[in-house]
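[1] give me a model of this one.
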Amino acid sequence: MNHSAVLQHWKAGMKKTIRKAVLPVAGLGTRFLPATKAVPKEMLTIVDRPIIQYVVDEARAAGIEHIVFVTGRNKQVIEDHFDMAYELEDTLKARNKTAALELLEEHRPQPGSTSFTRQQAPLGLGHAIWCARDIIGDEPFAILLPDMIIKSKVSCLKQMVDLYDQTGGNIIAVEEVPDDQTHNYGVVELAEKINDNASRISNMVEKPAPGTAPSNLMITGRYILQPQIFDLLSHQASGAGGEIQLTDSMLSLMQDQHFASVKFEGTSYDCGSKTGFLTANIAFGMDDPALAEDLVPFMREMMQRPIAAE
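    Modelled structure (predicted):
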């Protein structure tokens, strides 16, 4: 289906609002062991809040009304984080800690606006998304991978929703990476431009061999997908690593539906890696003037020290 036909189909009344988002949080976090032996990687903190809170805040800023967490064993603390903490809140009230109490209330989801479902075996990202099928139902929905947090003036997902409101279809967030690093990521191949920051996608390639990438635009871990993806995932054969890959089903869906990319305005931090996690702490910490006042002299001092030998 070409771009003009997609727009006509959408304008005929087939578009639905993006109300729900899926956050797959069942991963083991082995790169952060032993820290993640008992604490989910999504609950590691960036400055003063867990990684997962930044991702939920991004979704809420985009107008998401219901968030579906796809969890695994030992992830109960994530559900607890988004619930009331009666003893703590009563203590804060008794001690007149109004600011702290208001902060907790600000980040607590409304009753009934979250769901938790279990991925019982580590069968891949595609399988994790498929586990949310009955909760999502027949609606387009967003996916936010919680390893990636994005620092931006306007929520990355909100930028994607704005494009979706214009075009409908399926939307993927992308960002530029150096040409010599494209083999580490999934990258997109672009067709015609939609606007300065968006283009139609004609193909996706997972970790292309060096020198063969169709572009230098990596898939960032933010998606808006139509519900037909669930039918494809239910029949999807295992792909790379013996897992059910979301990309494989998206490529199948691309044969019939419009896919577009958004080169979002902002900076992403891959908190699934130690370097990305540490960098994110510095970047977000610098937003607090009091922290920045102490951080800047420390970082200047550290820059003067030689790098430790391996």
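[2] tell me the pLDDT of the residue of the chain most remote from its centre.
    Residue farthest from the centre of the chain, counting by Cα atoms, centre = their mean, is Ala94 at 37.5 Å. We note a pLDDT of 90 for Ala94 in this prediction.
[3] and if you look at the one 10 residues further on?
    Per-residue confidence for Leu104 comes out at a pLDDT of 86.
[4] list the contacts for it?
    Applying Cβ atoms under 8 Å, 6 or more residues apart in numbering to Leu104 gives the contacts Ala85, Leu88, Glu89, Leu92. From N, CA and C alone the C-beta is placed, and that goes for glycine too.
[5] just send the residues you listed back as TSV, with distance to Gly168 too.
    Output for the contacts of Leu104, formatted as TSV (distance: Cβ to Cβ, whole Å):
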residue	distance to Gly168
Ala85	41
Leu88	44
Glu89	42
Leu92	45
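[6] need the buried ones from those residues selected in PyMOL.
    This is how PyMOL selects the buried members of the contacts of Leu104, with burial counted by 16 or more other Cβ atoms under 10 Å:
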select buried, resi 89+92
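[7] flag the least confident of the contacts of Leu104.
    Lowest pLDDT among those: Ala85, 85.
[8] what separation is there between that residue and Ala59?
    Separation of Ala85 from Ala59 (Cβ to Cβ, to the nearest Å): 22 Å.
[9] next one: Pro146
    The value you get for Pro146 to Ala59, if Cβ to Cβ is used, is 10 Å.
[10] shared neighbours of these two, anything?
    By Cβ under 8 Å, 6+ apart, the residues touching both Pro146 and Ala59 are Leu23.
[11] grab the nearest non-local neighbour of Arg118.
    Of all residues not flanking Arg118 in the chain, Thr71 sits nearest, at 5.8 Å (Cβ to Cβ, 6 or more residues apart in numbering).
[12] contacts only, for the one you found.
    Val25, Ala26, Ile78, Glu79, Phe116, Thr117, Arg118, Gln119.
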